[in-house]
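Colleague: A structural model of the following input is requested.
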Amino acid sequence: MLQVDTKQARFNMVEQQVRPWDVLDPQVLNLISEVPREDFVPTAYRNLAFADINIPLAHDQEMMSPKLEGRIVQSLRLTPKDSVLEIGTGSGYMTALLAKSAKHVDSVDIYEDFVTEVASKLNALNIHNVSIKTGDAINGWNLSTRYDAIVLTGSVTLLKPHFQEQLNEGGRLLAIVGDEPIMQAHLITRIAGDFYTEALFETLLPPLLGTPEGHFVF
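Modeller: Numbers count the residues shown, from 1 in each chain. Down below sits the predicted model:
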């Protein structure tokens, strides 16, 4: 794909997919316009980098559609002072968006090849405020550490309470909850020690490996 085509394709993606899906924060739109999404797409699907689809990854995982990535980042309301925990590194594109929006990101994936590939891609883009580790984070990660934002990049049917307990005061947790054919994005905010949940939108994502069976628990 020629550079001029890439620039136009990214512009069309933002204007025709991301913005119409209620992603209106100019900082988020600028971020998606600037971070080269095509660099995080598997080579076999590079021509679909800007398409309105979930792109297949290894291990039966998927890279989210651009509009979903934008909506998640906007919903987290990140600031340059925020620390973020990402459960499921995947392609690394979401990792890059989070890193560009926050002070530091801890990203964890159960697949070592994802971790190795993403670390290399982020380094090539001079994104250095990310710590990427291999681990089964759905069952707990850095439990003694609190974060300003936590995002799960795969779906869950049961959310263990340790995730929301790891939020700082004012912290936000975003998780895609449910079973096919209907899943819903939930935003949980910690305020004065209590947790408030907002249902945002419906979507579909593959489950995070290690996700327990059952129903969402607040």
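
Colleague: pLDDT weak spots in the protein?
Modeller: Residues of the chain meeting the criterion pLDDT under 70: 1-4, 210-218.

Colleague: Which stretches in this protein count as helices?
Modeller: 3-13, 26-34, 66-76, 93-101, 112-124, 162-165 (DSSP state H).

Colleague: Let me have the ones you listed in JSON lines, adding distance to I188 and mean neighbour count as columns.
Modeller: Any C-beta I mention is one placed from the backbone N, CA and C, and that applies to glycine too. Supplementary listing: the helices of the chain in JSON lines, determined by distance: least, C-beta to C-beta, whole Å; neighbours: other C-beta atoms under 10 Å:
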{"stretch": "helix 3-13", "distance to I188": "29", "mean neighbour count": "13"}
{"stretch": "helix 26-34", "distance to I188": "20", "mean neighbour count": "16"}
{"stretch": "helix 66-76", "distance to I188": "11", "mean neighbour count": "24"}
{"stretch": "helix 93-101", "distance to I188": "17", "mean neighbour count": "24"}
{"stretch": "helix 112-124", "distance to I188": "26", "mean neighbour count": "16"}
{"stretch": "helix 162-165", "distance to I188": "5", "mean neighbour count": "16"}
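
Colleague: Redo those as TSV? Include distance to S155.
Modeller: Output for the helices of the chain, formatted as TSV (distance: least, C-beta to C-beta, whole Å):
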stretch	distance to S155
helix 3-13	24
helix 26-34	22
helix 66-76	12
helix 93-101	14
helix 112-124	17
helix 162-165	14
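
Colleague: got the contact list for V130?
Modeller: Neighbour list for V130: 95, 99, 104-107, 122 [criterion: C-beta atoms under 8 Å, 6 or more residues apart in numbering].

Colleague: So which elements touch the longest strand seen in the chain?
Modeller: Counting residues, the longest strand found in the chain (DSSP state E) is strand 167-179. With contacts defined as 3 or more C-beta pairs under 8 Å, 6 or more residues apart in numbering; DSSP states H and E, strand 167-179 has these neighbours: helix 66-76, strand 147-156, helix 162-165, strand 182-191, strand 194-203.

Colleague: mind checking how far stretch 98-114 is from the chain centre?
Modeller: Relative to its chain's centre, stretch 98-114 lies at 9 Å (C-alpha atoms, centre = their mean, to the nearest Å).

Colleague: That concludes my questions; thank you for your assistance.
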